[in-house]
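Q: Using only what follows, build the 3D model:
(one chain, ligands or ions: 1)
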Amino acid sequence: MSTSRLAGFKDLSVAQRRELVAAHAGADALSVFDPHSGLGLEQADHMIENVVGVLGVPLGVATNFTVNGRDVLVPMATEEPSVVAAASNAARIARVRGGFTTSSTDPIMQAQVQIVDVADPEAARLRLLEARQELIALADQQDPRLVEFGGGVRDLVVRLVDSRVQRYVVAHLVVDVRDAMGANAVNTMAEAIAERAAQIAGGRPLLRILTNKADLRLARARAVFDAESVGGAEVVADIVHAAALAEADPYRAATHNKGIMNGITAVVLATGNDTRAVEAGAHSHAIGPDGRYTALSRFEQDVDGNLVGTLELPMAVGLVGGATKVHPVAQRAVQVLGVSTAAELAEIITAVGLAQNFAAVRALATEGIQRGHMSLHARNVAVAAGATDAELAAVVARLVGDKAVRADHAEKVLGELRAEAGR
Ligand code: MEV
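A: Numbering: from 1, shown residues only. Okay, the predicted model is just below:
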């Protein structure tokens, strides 16, 4: 696509925005984004059990993102007002100094096999490691296609975990899952090797499941936020203060990280990926070396006085298998992103997380989030009170102006406007 800098995008109609996105992303018509032509009941019925319907969630597109020099429009599914606007705004500031630079590890997932009732855990560990090749070959046999595509088991790691009941032998299969999220692949492998591994260890196999602490599958994003565009040296310094509190205080860290996840979960959901897996990975990664829950991102001032933001976290997302391949909206969302590997997707998602985090912390360090948030929230309140498209702008302006974004006030304002119009 040419440029993601689409000034005035928010002021267009839905149809105009859609046309622009389709044209810029080289995608076909995006009519699949219509509520009645998205996920059908029949498809939904194949996806989960006991289906009675589908849930609509607004799908927006964040503008202004440049990731590794490529402009990209980012589909985001969220029910929260301000999120898409804030990400776009942060990306606009980031692009002043080149946008986001990203990187990632190989797409390595791990599965655990718990072995219980082992008499000699230390020796069992070594016996398992001696059988490394045999166990790896057994696991690889489960997924010849993955191996064909350059993936497959990379290692066998054996840990001894002391619990309140006993010392468990826990074997980890370390697997390159290529463009899959990988849960199915590694779970199948873990189940396949469990009996043999337990036999070698001299115990009984119990749990055989992936770990969502996907700390060998990290994605990273970095951006320089131009000091002047951020609001000046004082704002930069205050953002560093805000980030430092999040590093030091778990109460603040939880909210700081929630801000990151506002962006991340929205893209993960839009692309049909497993939001809970990514969230579990993120929060497990937020435990620092001292065992305390801390901020996932860092903000510093560079030598030129600009703000540098960085984010690194597990990002278990895929493009093959799962809902991404089945859900029509997710397929189109991936097409809009223009990504062809899971790594590219993971890195863009991480860039969005950083953008979202920067936007929230900047707002908090300056005017607070309520002003921007309230004008968007006011739209919801006005619509809920019954405002028509023609009445919306006037009702929103009154609610914000009166600093009373409440249902009762919206009804009162609407009544007054209608009375005036009737006169
Ligand atoms: C609200 O959804 C997210 C924030 O609370 C994040 C933060 O405090 O950094 C604004």
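Q: So which residues on this structure come close to the ligand?
A: Contact residues, the chain versus the ligand (Cβ under 6 Å from any ligand atom): 80, 255-256, 258-259, 262, 360-361, 364, 369. Quick note: C-beta positions are derived from backbone N, CA and C, even for glycine.
Q: just the buried members of those residues?
A: By neighbour count, with 16 or more other Cβ atoms under 10 Å, these hold 256, 259, 262, 360-361, 364, 369 as buried.
Q: for these, which one is nearest Arg18?
A: Taking Cβ to Cβ as the measure, Arg18 sits nearest to Asn262 out of those, at 23.4 Å.
Q: Toward the C-terminus, what is the element adjacent to the helix or strand that that closest one is a member of?
A: For Asn262, the host element (DSSP states H and E) is helix 250-270. Next in sequence after helix 250-270, counting helices and strands by DSSP H and E, comes helix 275-285.
Q: Run the angle between that next one and helix 250-270 for me.
A: Interaxial angle, helix 275-285 versus helix 250-270 (axes from the mean of the first three to the mean of the last three Cα atoms, to 10 degrees): 150 degrees.
Q: What residues of helix 275-285 count as buried?
A: Burial within helix 275-285, assessed by neighbour count using 16+ other Cβ under 10 Å, is assigned to 275, 277-285.
Q: Now pLDDT too, for those, in JSON lines please.
A: As requested, the buried residues of helix 275-285 are exported to JSON lines (pLDDT from 0 to 100):
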{"residue": "Thr275", "pLDDT": "98"}
{"residue": "Ala277", "pLDDT": "98"}
{"residue": "Val278", "pLDDT": "98"}
{"residue": "Glu279", "pLDDT": "98"}
{"residue": "Ala280", "pLDDT": "98"}
{"residue": "Gly281", "pLDDT": "98"}
{"residue": "Ala282", "pLDDT": "98"}
{"residue": "His283", "pLDDT": "97"}
{"residue": "Ser284", "pLDDT": "98"}
{"residue": "His285", "pLDDT": "98"}
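Q: Can you add distance to Val230 and give those back as a markdown table?
A: Output for these, formatted as a markdown table (distance: Cβ to Cβ, whole Å):
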| residue | distance to Val230 |
| --- | --- |
| Thr275 | 30 |
| Ala277 | 33 |
| Val278 | 28 |
| Glu279 | 28 |
| Ala280 | 32 |
| Gly281 | 29 |
| Ala282 | 25 |
| His283 | 28 |
| Ser284 | 31 |
| His285 | 27 |
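Q: in this structure, which ranges drop under the pLDDT threshold?
A: Scanning the chain with the threshold set as pLDDT under 70 gives 1, 27, 423.
Q: and the residue of it nearest the ligand?
A: Residue nearest to the ligand within the chain (Cβ to the nearest ligand atom): Gly259, separated by 2.8 Å.
Q: Quick check: closest non-adjacent residue to that residue.
A: Nearest residue to Gly259, sequence neighbours excluded (Cβ to Cβ, 6 or more residues apart in numbering): Ala360, at 3.8 Å.
Q: Spit out the contact partners of that neighbour.
A: 86, 256, 259, 262, 369 (Cβ atoms under 8 Å, 6 or more residues apart in numbering).
Q: let's go with 7 Å and repeat that
A: Applying Cβ atoms under 7 Å, 6 or more residues apart in numbering, we find Ala360 in contact with 86, 259, 369.
Q: Ok, Phe358 next?
A: Counted by Cβ under 7 Å, 6+ apart, Phe358 has contacts 90, 225, 309.
Q: Just to check, Arg125 is in contact with Val161?
A: No. Counting by Cβ atoms under 7 Å, Arg125 stays clear of Val161, with 11.1 Å between them.
Q: These two: which is more packed in?
A: It is Arg125, of Arg125 and Val161, that has more neighbours when counted by other Cβ atoms under 10 Å, with 20 against 12.
Q: wait, what's in contact with the residue nearest to Thr3 when sequence neighbours are not counted?
A: Spatial nearest neighbour of Thr3, excluding adjacent residues (Cβ to Cβ, 6+ apart): Asp71 at 5.2 Å. Asp71 makes contacts with 1-4, 65, as judged by Cβ under 7 Å, 6+ apart.
Q: swap in Asp402?
A: Contacts for Asp402 were tallied using Cβ under 7 Å, 6+ apart; they are His409.
Q: How about Ile264?
A: 278, 349, 352-353.
Q: try it again with 10 Å
A: Going by Cβ atoms under 10 Å, 6 or more residues apart in numbering, Ile264 touches 76, 219, 257, 275, 278-279, 282, 296, 311, 313, 315, 317, 349-354, 356-357.
Q: can you check Ile239 too?
A: Ile239 is in contact with 225, 230-231, 299-301, 307, 309, 358, 361-362, 364-366, counting by Cβ under 10 Å, 6+ apart.
Q: Who wins on neighbours among those?
A: Among those, Phe358 has the most neighbours (other Cβ under 10 Å), with 30 neighbours.
Q: does that residue belong to a helix or a strand, and which?
A: helix 342-365.
Q: Now find how far off-centre that helix is within its chain.
A: Between the centre of helix 342-365 and the centre of its host chain there is 9 Å, according to Cα atoms, centre = their mean, to the nearest Å.
Q: Buried ones in it, by neighbour count?
A: Neighbour-count burial for helix 342-365, counted by 16+ other Cβ under 10 Å, picks out 342-365.
Q: angle of it against helix 275-285?
A: For helix 342-365 against helix 275-285, the angle by the same axes, to 10 degrees is 70 degrees.
Q: I'd like the next helix or strand past helix 342-365.
A: Following helix 342-365 in sequence order, the next helix or strand is helix 370-384 (DSSP H and E).
Q: who does the next helix or strand after that following helix touch, helix- and strand-wise?
A: Remark: after helix 370-384, the chain's next helix or strand is helix 389-401, criterion DSSP H and E. Counting contacts by 3 or more Cβ pairs under 10 Å, 6 or more residues apart in numbering; DSSP states H and E, helix 389-401 is packed against helix 370-384, helix 407-422.
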